[in-house]
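Enquirer: Dropping a prediction and its sequence here:
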Amino acid sequence: MKDILNYEWHSIPTVVSCYVHLLAMADEEGKVNITRRKFCKITGMSEQQYRTALQKLEATHLITQQITQSETFITICGTERKVGRKIRTQPSEQPTKQPSERNVFVKPTIEELSQYIGEKGYDIDPEKFWNFYESKGWMVGRNKMKNWRAAVTTWVRKRNNYQYGNNRASTDTTTQNAILAMRNIAAESAGSGGGGEIW
């Protein structure tokens with residue numbers, strides 16, 4: 001990059017800012033295609049400051065510009081645009097990134113489920129599990145399932161919690177039973193002249 005301090009405009013912040021923004025926005029060929037309003041919005045410059053900055057940069061042969069009614073096509077001259085950018089000497093032949101096998105979810109077959117459930121000694125119906133998640137598109141909440149084995153384990157744990165009273169539905173039943181017992185006590189005391197219905 002040429003030494004910015006050698007230019008007469010080096011002490012004008014808007015020109016320096018304009019040049020730095022152009023360098024950052026340029027593609028690998030040093031071209032920038034942006035509307036005046038959008039550039040001004042990004043940089044906080046007025047349109048007059050933008051036009052003046054472009055004129056000064058063009059006068060010092062750092063940029064060339066083609067102005068249309070709606071857009072300005074700017075090309076940054078020389079090698080300055082490559083500061084901080086990787087310079088490609090050959091066309092890139094980077095292989096497209098293939099997702100690794102462990103990141104791609106493959107839904108199990110009922111046979112795979114049966115085998116896994118048998119190995120773990122779980123007492124659940126593999127077809128019920130498979131049908132449930134098949135109907136949901138193998139989603140867990142709003143997310144795609146990542147590991148069906150973990151989902152089986154969670155399914156078993158939730159079922160066990162439900163069966164052994166460690167859930168809210170069981171608590172609600174307990175609460176209902178307590179209310180019924182209190183009503184029975186109230187009814188008995190009302191029958192024996194103890195003050196009547198409390199509900």
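Expert: All right, it came through fine. Residues are numbered from 1 along each chain as shown.
Enquirer: can you give me the helices for the protein?
Expert: Counting by DSSP state H, residue ranges of the helices within the chain are 13-25, 36-43, 47-59, 110-120, 126-135, 148-163, 168-191.
Enquirer: and the first one, C-alpha only, in PDB?
Expert: Extracted in PDB, the C-alpha atoms of helix 13-25 (Å, rounded to 0.1, in the frame of the first residue of the first chain):
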ATOM      1  CA  PRO A  13     -10.600  12.300   7.600                       C
ATOM      2  CA  THR A  14     -13.500  11.800   5.200                       C
ATOM      3  CA  VAL A  15     -11.100  11.000   2.300                       C
ATOM      4  CA  VAL A  16      -9.100   8.600   4.400                       C
ATOM      5  CA  SER A  17     -12.300   6.900   5.600                       C
ATOM      6  CA  CYS A  18     -13.700   6.700   2.100                       C
ATOM      7  CA  TYR A  19     -10.500   5.100   0.800                       C
ATOM      8  CA  VAL A  20     -10.400   2.600   3.700                       C
ATOM      9  CA  HIS A  21     -14.000   1.700   3.200                       C
ATOM     10  CA  LEU A  22     -13.500   1.200  -0.500                       C
ATOM     11  CA  LEU A  23     -10.500  -1.100   0.200                       C
ATOM     12  CA  ALA A  24     -12.700  -3.200   2.600                       C
ATOM     13  CA  MET A  25     -15.600  -3.400   0.100                       C
END
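Enquirer: OK, contacts around the residue lying closest to residue 65 once chain neighbours are set aside?
Expert: Counting by CB to CB, 6 or more residues apart in numbering, the nearest residue to residue 65 once its immediate chain neighbours are dropped is residue 74, at 4.9 Å. In this view, the C-beta of every residue, glycine as well, is placed from N, C-alpha and C. Taking CB atoms under 8 Å, 6 or more residues apart in numbering, we find residue 74 in contact with 22, 31, 32, 33, 34, 54, 63, 64, 65.
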